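> Requesting a structural model of the entry that follows:
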Amino acid sequence: MNPYDYIDAHRQNFLEELKALLRIPSISTLSEHAGDVRRAAEWLQAHFEQIGMTRVQLYEKEGCHPIVYAEWLGAGDAPTILVYGHYDVQPADDPDNMWRTDPFEPVERDGNLYARGATDDKGQAFTQIKAVQSLLAAGALPVNIKFVIEGEEESGSKFVHGFVEDNAEMLKADAVVVSDSSILALDQPSIVYGLRGMVSLEIEVWGPAHDLHSGMYGGIVHNPAQALAGILAALHDGTGRVAVPGFYDRVAELDAAERAELAKTPFTLERLENETGITNPWGEPGYTLQERLGIRPTLEINGLVSGWTGEGGKTVLPAKALVKISCRLVLDQDPHEIEDLIRAYVENIAPDTVTVEVRGIHHANPVVINRDSPYMQAAIRAYEFGYGVSPVFMREGGSIPVVETFQRVLGIPVVLLGFGLPDDNLHAPNEKFALECFHRGMRTAIKFYEEAGKL
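Prediction:
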């Protein structure tokens with residue numbers, strides 16, 4: 001039986017196995033789920049052993065979630081492919097009751113599999129695992145394979161960067177494959193070749209020693225929530241440009257050729273409305289929606305809290321206010337430098353009637369991937385086989401921090417072999433993975449390994 005027939009014969013079994021993994025609430029950012037995160041790592045460890053990987057190990061570090069490492073080096077002098085993924089997921093909080101079903105009880109509906117982590121990234125990583133299993137079962141795996149599946153991508157990847165640096169010899173390979181991105185559509189695959197970097201911060205403003213009666217002290221004590229609102233309003237100008245001095249100093253303008261390449265994959269107003277419900281776009285003038293997403297940096301408010309937020313009213317003047325913000329950064333921007341620029345600006349504009357602190361949380365460097373590497377060409381042929389259409393290239397607005405680490409430390413080409421769809425609701429309620437993407441993804445991954453083996 002060839003590997004493609006093996007997929008077809010085990011299609012339902014593969015789906016049930018994915019559901020079992022999705023049932024584990026491996027939310028890495030919440031400490032109460034640390035046991036679940038470990039349970040997911042151990043599930044993958046056992047699964048790798050079951051499918052025939054010859055070395056499987058959990059790597060651990062105090063205060064961090066485990067990294068699952070697996071390898072099969074039975075292809076001799078053939079190329080070695082390092083596959084990266086993550087088994088941790090975002091929280092599934094749902095204050096507005098928008099999840100139609102339990103986020104950790106996978107449900108098939110309308111050709112999709114709904115669950116937290118369905119596409120980000122358990123479903124996509126599992127697609128790679130099942131492709132390798134099918135090749136092993138058929139006795140036809142033409143490359144050596146190494147897997148690194150981490151458990152902290154959604155909470156800052158504290159462990160994996162040092163792990164890659166400390167184990168560069170063990171991870172030595174000819175190329176890295178990452179399935180943690182999306183294609184444009186089932187009838188138009190695409191390859192992401194640029195990822196924005198990121199810095200996330202929190203700004204905390206303190207005023208009085210404790211909450212005060214707003215009638216007794218309002219008007220003579222500067223309200224920290226009001227002070228913070230003023231600071232936040234000053235982070236952008238009226239057009240949507242970030243107002244922090246120096247923020248754009250390292251941002252290079254793309255040449256006409258690359259802007260023309262990006263124009264081949266436009267982000268349309270129809271798509272914006274379908275995915276968000278928004279009919280009027282917002283943002284930096286002078287750039288298309290696709291350019292604002294891929295080649296321009298941003299500053300966003302992620303969470304804001306102060307005072308009484310429960311039911312009914314409570315007329316307090318809050319003692320403090322807190323906001324979490326993040327910036328998506330483009331090539332040549334340094335996340336630590338951007339943090340310093342924001343801190344200096346906030347401290348400069350903050351009124352002297354309150355105390356302000358800016359704290360960095362996560363940092364990730366932006367990255368652009370070589371589109372001309374032999375392994376990228378193998379990916380093009382793989383998509384043509386799996387989807388029947390040649391893929392287009394595009395830049396992605398999100399971040400996968402470890403990609404830059406792989407490029408810098410291992411010095412090998414990276415291929416983002418994504419199988420998600422733009423409307424998969426990543427980080428949102430009703431996250432899904434199209435069953436057709438799961439099936440085509442396995443076929444595409446197998447073809448990629450076959451093409452890579454010829455190199």
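
> Tell me the gap between stretch 277-285 and the middle of its chain.
Centroid separation for stretch 277-285 versus its chain: 23 Å, with CA atoms, centre = their mean, to the nearest Å.

> cool, stretch 310-319 as well?
Relative to the centre of its chain, stretch 310-319 is centred 36 Å away, using CA atoms, centre = their mean.

> Next, the distance between the ends of that stretch.
Start-to-end span of stretch 310-319 (CA to CA, to the nearest Å) is 16 Å.

> for stretch 136-147, same thing?
Stretch 136-147: ends 15 Å apart by CA to CA.

> Average pLDDT for that stretch, rounded please.
The average pLDDT within stretch 136-147 is 98.

> Equivalent analysis for stretch 327-334, please.
94.

> tell me which residues in it are buried?
Using 16 or more other CB atoms under 10 Å as the burial criterion, the residues of stretch 327-334 that qualify are 327, 328, 329, 330, 331, 333, 334. Any C-beta I mention is one placed from the backbone N, CA and C, and that applies to glycine too.

> got the CA positions of it in PDB?
Taking Å, rounded to 0.1, in the frame of the first residue of the first chain, the C-alpha atoms of stretch 327-334 are listed here in PDB:
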ATOM      1  CA  CYS A 327       3.300  45.600  18.500                       C
ATOM      2  CA  ARG A 328       3.700  43.600  15.400                       C
ATOM      3  CA  LEU A 329       7.100  44.500  13.900                       C
ATOM      4  CA  VAL A 330       8.600  44.300  10.400                       C
ATOM      5  CA  LEU A 331      12.100  43.500   9.100                       C
ATOM      6  CA  ASP A 332      14.900  45.500  10.800                       C
ATOM      7  CA  GLN A 333      12.800  46.600  13.800                       C
ATOM      8  CA  ASP A 334      14.200  45.400  17.100                       C
END
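
> and it, how far from the chain's centre?
16 Å.

> can you list the residues that contact that stretch?
194, 196-200, 242, 250-252, 295-300, 335, 338, 342, 365-368, 397-399 (CB atoms under 8 Å, 6 or more residues apart in numbering).

> can you rerun that using 7 Å?
196-199, 250-252, 295-299, 335, 338, 366, 368, 397, 399 (CB atoms under 7 Å, 6 or more residues apart in numbering).

> In strands, which of these appear?
Using DSSP state E, the subset of the contacts of stretch 327-334 located in strands is 197, 198, 199, 298, 299, 368.

> ok, how many other residues are close to the fourth one?
By the measure other CB atoms under 10 Å, the count of residues near residue 298 is 19.

> wait, what's in contact with it?
327, 328.

> Mind doing that once more with 6 Å?
By CB atoms under 6 Å, 6 or more residues apart in numbering, the contact set of residue 298 is residue 328.
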